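Colleague: Any chance you can model this:
(chains A, B and C)
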Amino acid sequence: MIRSLFYSITFHSAMILLTVLTLPFMLREPIDLPPIVSVELIQISDKTNIPYAPKARKIIEEKKKKEEERVVSEQAPPAAKAKEKPDRIPLPNEEKEEKKIIKKKQNPEEVKPQIRQSSEFEKKEIIDTNQIAALIDKAKEVEAVKREDKNKITQSSRKNSFATGLTLSQEDALRAQIFGCWSVPLGLPYDQNLLVRIKLQLKKDGTILKSEILDHERMNRPGQKFYKVLAESALRAVRLCQPLKVPPTGYDKWKDLQLNFNPTEMLKG
Amino acid sequence: MRILILIFFLNLFVSHKALALIEIDITRGNLDPLPIAVSPLHVDVKSEEYKDIKVKELGDNISKIIEKNFRNTGLFNPLKKDAFVQKPDIAHLKPRFEDWRLIKAQALVTGKLLVKGEKLKVEFRLWDLTAAKEITALAFTTTPSNWRRVAHIISDKIYERLTGEEGYFDTRIIYVAESGPKNQRIKKLAIMDQDGANTKYLTLGNELVLTPRFNPTNQMVTYMSYFRNMPRVYLLDIETGTQEIVGNFPGMTFAPRFSPDGKKIIMSFAKDGNSDIYTMELESRIVERITEHSSIDTSPSFSPDGKFIAFNSDRSGLQQIYIMRSDGSNVKRITFGKGIYGTPVWSPRGDLIAFTKMHKGRFYIGVMRTDGTGERLLTENYYQEAPSWSPNGRVLVFYRETKAGDKGEGFTAKLWSIDITGYNERRLSTKTDASDPSWSSLLTK
Amino acid sequence: MTLKTNLKNILLVIFTTLVLSACSTAKKSGDIDGDVYTGKETVEYLASGVPDRVFFATNKSSLTTKSRETLRKQATFLRKNKKLNVTIEGHADERGTREYNLALGERRANAARDYLMTYGISGKRISVISYGKEKPVNPKSSPISWSQNRRSVTVKVN
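Modeller: Take a look at the predicted model:
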């Protein structure tokens, strides 16, 4: 609206100015009306350039890609609701019942064993190797490692390869495996410093001998729920991923690994 | 080039400290929702019948509600039950983790219930399948008719354990139920569970009602009604059904909301064509004028700490969002983007303001920081407005209208929700057309 | 010299008028001028020749020349019928947020009321009510019907 008003004023004053300036000539020649100026209403345009939130777009795009792959959508439309007669006002006794549950919840009659998880995480976990799949054909694996996308190289990987002697592609191969296993908890806030460091001890076959969260005491500190959630997701990723496809040689170089899980980039989008 | 060399050397120094240890930064993962298995709750054989509740199916039905809640978050992927290998009662005692891992589940919910002596006893456990251990367990007792709420409370507990933030399932939404042709809409106040169940109508539809909003304890609702053709702000006690007019204003009052402590109602009062913002303390009935400006000032919303108010004003010529201290001082415009802005609503966390934006004939729901920076538009459509926050500040519910044809045909008004990430947009099922949603806080804390 | 200046001025005015009318014709599509409705489709009458409503531009509550003309007719009608009281209903189109539209409708109704009062009608005889976007006269989603809905309507109450 402002814009069309602006156009209107601009054009009109331009016309008047033009008239004043050119009036003498006009007197001699037949009056030539300027072309019709049409001013567009702004209400009904179909497109706009306003972007989605960057993260939203990214996720939507990724979602679309996935939905193309998967035939069945996970997001079924909400099911129809049970029929019920509309009441004008909820019955008083119903409200009372709801209050009861509040009380009950504050004083649960029986509380089953719980909150043991904290202590369990403090223990260093030993994984049973029996259940783990057999060794993989090493030759194939080297090839796979070499085929890894070089674009994934980050600064830290450069840094590490200088220090440790693992080749970039070997390191990227490890990284890519964890990427695939890690379900990032999408509900985490992106604006908090959430970094989980896990120290791994690997066997020669890539199974995990030991996994340890370096700041594990932080998990049980009050107000660190998000850290705990992230740490648990990182542990799940590591366990899901084993046996890791490890380089065929240089066991000494990679038997101890430290994984730094940092979701900030993902969550920011 | 020189910088590169410098970085090279710096890196060399830094990494020399940890020479023995390879550090790998994991900055990416998959964005798939977490696969979770919700086993039907085992119904104890000692269970008795209770009224019209199908006790035998209760365990299955509770697990279905939990699954639906999880699916709707977009953060979890509840797995199909037909792939489940273990019976509910055995799974609840001691799941065979490797079996559940085989169907790619990462978490498992099990439980059992008993209906006896007019009581419903429920316990549930949440298992981390990769770690092969229980991470949460809880039990509680209530009346059997509350079984849906039990399912929601379980959902909240699991959600909190797996995401680190409070859930929002044991909540309700109050809204305006709409019916009839577009130019003769019948509007009633309606309330339902967050998942669309238990719809109840609070007014009969004899007069136009608009913009209901919960108080912090979810017992009271403030809304606008055209009762006797006098558009005024009203207060409704949901429990008793009593209604009263708020204040004694000689003109239209509208756009009401509660203060975060529930003691005041903030609203607009229109006099001689000019709308300003007022508060009224409910107990003392003291009315206070907050803004005094010849422009339209409306849609006020308190910050959660009660210290600030965001509102809508056209003092610059067009609708924009402003914030001020709760006494009306320090008025500051915060929206400067293209288009016009309305309906600011402060998030429960206090760090964001949700809004409606109109630009080039399209409507957007978005969020921004409280100083107006960091604007993120979450969804675009032909017409949508009036966002309301979920109690944990993660989801917004709003209403959306469709285009109407010559006789008003094709017109609908529906409730929708979207994550503040802009992801997971979905329609809420309502029995009728619906608008002006307001999300309650958690019914049990 | 004076004659020449005068002539020039007169010609200037005529020409400007021509240009302006050309522009407004250009913007006119059907019964819309700018985006104010000028047609008669939804209009009812308080009495013969006294239209009951005036129309507004998007987000505006200022009265157009035509609206003023209509309101003067209403004022004349109300002066003749001294015992008649009226309510002015203010309305907005559907392309705005509900709460703002309530305020906007109120402002439009009061703009009409104020104008009637300057023509000698007592404010006591005129009450106002805003319906915002709640009572469209034309339910269609189109610029024409939105312009018909941006209105204030004078309704007899007794």
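Colleague: Pop out the phi and psi values for residue B:269.
Modeller: phi -130, psi 130 (degrees, to the nearest 10).
Colleague: What residue in the stretch 201-350 of chain B comes nearest to chain A?
Modeller: As assessed by CB to the nearest CB, chain A sits closest to residue B:241 within the stretch 201-350 of chain B, at 3.7 Å. C-beta coordinates here come from the backbone N, C-alpha and C atoms, glycine included.
Colleague: How much space separates that residue from residue B:247?
Modeller: Taking CB to CB, to the nearest Å as the criterion, residue B:241 is separated from residue B:247 by 21 Å.
Colleague: re the thing from before, how many other residues sit next to the residue of the stretch 201-350 of chain B closest to chain A?
Modeller: Residue B:241 sits with 13 neighbouring residues when counted by other CB atoms under 10 Å in any protein chain shown.
Colleague: Where does it sit: helix, strand or coil?
Modeller: Taking DSSP: H, G, I helix; E, B strand; the rest coil as the rule, one finds residue B:241 in the coil state.
Colleague: which residues in the stretch 101-250 of chain A form strands?
Modeller: With DSSP state E, counting those that start in this stretch applied, the stretch 101-250 of chain A shows strands at A:196-202, A:208-213, listed in chain order.
Colleague: Chain C versus the residue of the stretch 301-445 of chain B found nearest chain A, what's the distance?
Modeller: Proximity to chain A, evaluated over the stretch 301-445 of chain B using CB to the nearest CB, is greatest for residue B:422 at 2.2 Å. Distance check for residue B:422 against chain C: by CB to the nearest CB, to the nearest Å, it reads 21 Å.
Colleague: Go ahead and confirm that residue touches residue B:367.
Modeller: No. In this structure, residue B:422 is not within contact of residue B:367 by CB atoms under 8 Å, at 9.1 Å.
Colleague: Backbone torsions only: list them for residue C:151.
Modeller: Per-residue torsions, residue C:151: phi -150, psi 160 (degrees, to the nearest 10).
Colleague: about what we covered before: which pLDDT value goes with the residue of the stretch 301-445 of chain B closest to chain A?
Modeller: The model reports residue B:422 with a pLDDT of 89.
Colleague: how would you label it: helix, strand or coil?
Modeller: Here residue B:422 is recorded as coil under three-state DSSP.
Colleague: which ones are touching residue B:253?
Modeller: Contacts of residue B:253 were listed using CB atoms under 8 Å, 6 or more residues apart in numbering or on different chains, and they are B:224, B:231, B:232, B:233, B:246, B:247, B:267, B:268, B:269, B:270, B:278.
Colleague: Among these, which are located in strands?
Modeller: Of the positions in the contacts of residue B:253, B:224, B:232, B:233, B:267, B:268, B:269, B:270, B:278 sit in strands, assigned by DSSP state E.
Colleague: any common contacting residues for residue B:422 and residue B:367?
Modeller: With contacts defined as CB under 8 Å, 6+ apart, the residues shared by residue B:422 and residue B:367 are B:376, B:378.
Colleague: so how far is chain A from the residue in the stretch 101-250 of chain B that chain C sits nearest to?
Modeller: Nearest residue of the stretch 101-250 of chain B to chain C, counting by CB to the nearest CB: residue B:182, 3.9 Å away. Note on residue B:182: its distance to chain A, by CB to the nearest CB, is 18 Å.
Colleague: Check that residue and give its pLDDT.
Modeller: 94.
Colleague: how deep is it tucked in, by neighbour count?
Modeller: 23.
Colleague: and residue C:73, what does it touch?
Modeller: With CB under 8 Å, 6+ apart as the criterion, the residues that contact residue C:73 are C:49, C:50, C:51.
Colleague: With distance to chain A added, can I get the residues you listed in TSV?
Modeller: Converted to TSV, these look like this (distance: CB to the nearest CB, whole Å):
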residue	distance to chain A
C:49	31
C:50	30
C:51	24
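Colleague: Please indicate which of the residues you listed are buried?
Modeller: Neighbour-count burial (16 or more other CB atoms under 10 Å in any protein chain shown) is assigned, among the contacts of residue C:73, to C:50, C:51.
Colleague: which one of the contacts of residue C:73 is nearest residue A:180?
Modeller: Each of those was scored against residue A:180 by CB to CB, and residue C:51 proved nearest at 71.5 Å.
Colleague: Surely residue B:147 is within a helix?
Modeller: Yes. Per three-state DSSP, residue B:147 lies within a helix segment.
Colleague: Walk me through the domains of the chain.
Modeller: Using chain A. Segmentation of chain A into domains, based on automatic domain parsing, reads A:1-41, A:119-268.
Colleague: I was after chain C.
Modeller: Taking automatic domain parsing as the domain assignment, the ranges for chain C are C:1-30, C:31-156.
Colleague: Same list, those domains, but as JSON lines with mean pLDDT please.
Modeller: What follows is the domains of chain C, written out as JSON lines (pLDDT from 0 to 100):
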{"stretch": "domain C:1-30", "mean pLDDT": "55"}
{"stretch": "domain C:31-156", "mean pLDDT": "96"}
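Colleague: Identify, out of these, the most deeply packed stretch.
Modeller: Neighbour counts averaged per stretch over these are highest for domain C:31-156, at a mean of 20; criterion: mean count of other CB atoms under 10 Å in any protein chain shown.
Colleague: how about the residue nearest to the spatial centre of chain B, what does it touch?
Modeller: The C-alpha lying nearest the average C-alpha coordinate of chain B belongs to residue B:390 (CA atoms, centre = their mean; 2.2 Å). Listed by CB under 8 Å, 6+ apart, the contact partners of residue B:390 are B:168, B:171, B:396, B:397, B:417, B:439.
Colleague: can you rerun that using 7 Å?
Modeller: The contact partners of residue B:390, taken as CB atoms under 7 Å, 6 or more residues apart in numbering or on different chains, are B:168, B:439.
Colleague: Show me the least confident stretch of the domains of chain A, going by mean pLDDT.
Modeller: Averaging pLDDT over each of those singles out domain A:1-41 as the lowest, with a mean of 56.
Colleague: Am I right that residue B:208 is in contact with residue C:134?
Modeller: Yes. Using CB atoms under 7 Å, residue B:208 is in contact with residue C:134, at 6.0 Å.
Colleague: first vs last residue of stretch A:178-197, how far apart are they?
Modeller: Separation of the first and last residues of stretch A:178-197 by CA to CA, to the nearest Å is 13 Å.
Colleague: hang on, the earlier thing: I'd like the contacts of residue C:73 as JSON lines, with distance to chain B and secondary structure appended.
Modeller: Supplementary listing: these in JSON lines, determined by distance: CB to the nearest CB, whole Å; DSSP: H, G, I helix; E, B strand; the rest coil:
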{"residue": "C:49", "distance to chain B": "27", "secondary structure": "coil"}
{"residue": "C:50", "distance to chain B": "23", "secondary structure": "strand"}
{"residue": "C:51", "distance to chain B": "20", "secondary structure": "strand"}
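Colleague: Closest to residue B:127 out of the contacts of residue C:73?
Modeller: residue C:51 (73.8 Å).
Colleague: Show the contacting residues for the closest one.
Modeller: Contacts of residue C:51 were listed using CB under 7 Å, 6+ apart, and they are C:43, C:45, C:70.
Colleague: Could you dump those residues into CSV and include secondary structure and distance to chain A?
Modeller: As requested, those are exported to CSV (DSSP: H, G, I helix; E, B strand; the rest coil; distance: CB to the nearest CB, whole Å):
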residue, secondary structure, distance to chain A
C:43, coil, 22
C:45, strand, 29
C:70, helix, 22
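Colleague: Tell me who's in contact with residue C:140.
Modeller: Residues touching residue C:140, when contacts are defined by CB under 7 Å, 6+ apart, comprise B:404, B:405, B:406, B:408.
Colleague: hang on, the earlier thing: which one among the contacts of residue B:253 sits at the bottom for pLDDT?
Modeller: residue B:247 (92).
Colleague: check contacts around that one.
Modeller: Listed by CB under 7 Å, 6+ apart, the contact partners of residue B:247 are B:253, B:280, B:287.
Colleague: make it 8 Å
Modeller: Residues touching residue B:247, when contacts are defined by CB under 8 Å, 6+ apart, comprise B:233, B:253, B:278, B:280, B:285, B:287.
Colleague: Now do the phi/psi pair for the residue of the stretch 201-350 of chain B closest to chain A.
Modeller: When quoted as degrees, to the nearest 10, the phi and psi of residue B:241 stand at phi 80, psi 0.
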